[in-house]
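Chemist: model this:
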Amino acid sequence: MLNFAVGSDLCNSDHFPLIISPVDSSSVTSCPQTYIFQRADWDEFTRRAVITEAMISPDSITDAIQNVIDCIICAADATIPKRSPLPRKFRKPWWNEVCREAYKKQRKLWGIFRRYPTTENLIAFKRARATARRVRRRSQRESWIKYISSITSTTSSAQLWKKVKAANGIYTEFAFPILKTGTVSHSSPSDIANVIGQAFADVSSRDSYCPVFLAKKKQAERLNLQFRTRRHFSYNSDFQMFELKRALSPTRTTCPGPDGITPFGRIFPSAPPSSI
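Modeler: Residues are numbered from 1 along each chain as shown. Presented below is the predicted three-dimensional model:
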């Protein structure tokens, strides 16, 4: 079911537009909330994300890990804003501060004309509307020239097609796929993740190995492992901090784990050294 309402702005048309919105807001597709690291208060985050000895002292390792996760998440929620879960509107690349000010002035004069419909106010509104239209067209032209100039001989085919689709207004909205296992369909993210995880587990299980490999595997597992050696090997050394940072460096801000913590970006480097 949809709601229909009449807008209060002409939007440069000769009639008021119709605004259509869903009756049930729960039917609107929502996206996972992510942190906006560019607007974070990292000094305050460093003061809040302090992992004390009491947090990791419980007998249960599960409780200790949960205490650390809660500390980091609470500090991040208090100091880093989040994006809206609603599907984002695609930003117009040519829209800038000049366009915003011109449109703001147009809306202001339109409100004055609606309250006081005089000839002077009508002329002022039309003049502001023409100015705003001229500013937008100039900004669109400059943005298009800059966009075309970014396509060079070194641009890859993938980037080229991405730019062509963006220029034509072709955007693919992300949607969770629907997986089928036999006669059962899975649409929720958790069910889809479990199905994919089970598929990986089946592939890596011993049932997928050939009999020859299983025989050699069984024979090798009978041997007793000897870790004592006179030589020094790097894998016997203590785990260093630079190794942890090197292991986390390939991760990105778009791949948080199940706990919602993104190790890369600024969360891990901004944590107090004592907490790390």
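
Chemist: and for Arg129, the neighbour number?
Modeler: Around Arg129 sit 19 other residues, with neighbours defined as other CB atoms under 10 Å. Any C-beta I mention is one placed from the backbone N, CA and C, and that applies to glycine too.

Chemist: wait, I meant Ser57
Modeler: Applying other CB under 10 Å, I find that Ser57 has 10 neighbouring residues.

Chemist: from memory it sits against Ala64, does it?
Modeler: Yes: counting by CB atoms under 8 Å, Ser57 touches Ala64, with 7.3 Å between them.

Chemist: and the pLDDT for Ala220?
Modeler: With respect to pLDDT, Ala220 scores 90.

Chemist: that one belongs to a strand?
Modeler: No: checked against DSSP: H, G, I helix; E, B strand; the rest coil, Ala220 lies outside a strand; its state is helix.

Chemist: count of neighbours near it?
Modeler: Other residues close to Ala220 by other CB under 10 Å number 8.

Chemist: now the one 5 residues further on
Modeler: Each residue near Leu225 was counted by other CB under 10 Å, and the total is 5.

Chemist: what do you get for the one 5 residues further on?
Modeler: For Arg230, the number of neighbouring residues by other CB under 10 Å comes to 4.

Chemist: repeat that for Phe113.
Modeler: Neighbours around Phe113, by other CB under 10 Å: 18.

Chemist: against Ser13, how distant is Lys126?
Modeler: 14 Å (CB to CB, to the nearest Å).

Chemist: ok, Val184 next?
Modeler: 49 Å.

Chemist: repeat that for Phe227.
Modeler: On the measure of CB to CB, Phe227 and Ser13 end up 78 Å apart.

Chemist: list the helices and strands the longest helix seen in the chain packs on?
Modeler: Longest helix of the chain, by residue count under DSSP state H: helix 119-149. Counting contacts by 3 or more CB pairs under 8 Å, 6 or more residues apart in numbering; DSSP states H and E, helix 119-149 packs against helix 97-115.

Chemist: can you give me the mean pLDDT across the helix it packs on?
Modeler: 93.

Chemist: and Ile196, how many residues sit next to it?
Modeler: The burial count for Ile196: 12, using other CB under 10 Å.

Chemist: against Ser190, how distant is it?
Modeler: For Ile196, the distance to Ser190 - CB to CB - is 11 Å.

Chemist: ok, Leu223 - how many residues close by?
Modeler: Counted with other CB under 10 Å, the neighbours of Leu223 add up to 7.

Chemist: so which strand or helix has it?
Modeler: Remark: Leu223 resides in no helix or strand, with elements defined by DSSP states H and E.
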